[in-house]
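K.L.:
fold the following, please.
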Amino acid sequence: MNKDIFEGKWKQIRGEAKAWWGKLTDDDLDRAAGKFDVLAGMLQEKYGYTREAAANEIDKRVTDYEAAMKKKTVPAPVK
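P.N.:
The predicted structure is shown next:
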């Protein structure tokens, strides 16, 4: 994922991040502040992920979140 895109969507994603990674506190999420590398580092620390696994986890969660949001915003076909 493009790190600039991640940072730009952080406010939308932040609430979900707490549910995805329950070991992260509000202070952790405030410190991450949309910085991909900082969040990945926190996942490494709290969950014991490798750097690659942390980055893959973030990519997967954000991609799934975006797909779900697109489904919610697509209007139903008119009959």
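K.L.:
CA atoms for contacts and neighbours, from now on please.
P.N.:
Fine.
K.L.:
just the pLDDT for Lys9.
P.N.:
On the pLDDT scale, Lys9 is placed at 88.
K.L.:
repeat for the one 5 residues further on
P.N.:
Per-residue confidence at Arg14 stands at 93 (pLDDT).
K.L.:
can you list the residues that contact stretch 34-41?
P.N.:
When contacts are defined by CA atoms under 8 Å, 6 or more residues apart in numbering, stretch 34-41 is touched by residues 3, 6-11, 29, 31-32, 51, 54-55, 58.
K.L.:
switch the cut-off to 7 Å
P.N.:
3, 6-7, 10, 32, 51, 54-55 (CA atoms under 7 Å, 6 or more residues apart in numbering).
K.L.:
try stretch 46-66
P.N.:
1, 23, 40, 43-44.
K.L.:
any regions of the chain where pLDDT drops low?
P.N.:
For the chain, applying pLDDT under 70 flags the ranges 1, 73-79.
K.L.:
so in it, which helix runs the longest?
P.N.:
helix 51-73 (DSSP state H).
K.L.:
report the distance from that one to the chain centre.
P.N.:
Distance of helix 51-73 from the chain centroid (CA atoms, centre = their mean, to the nearest Å) equals 6 Å.
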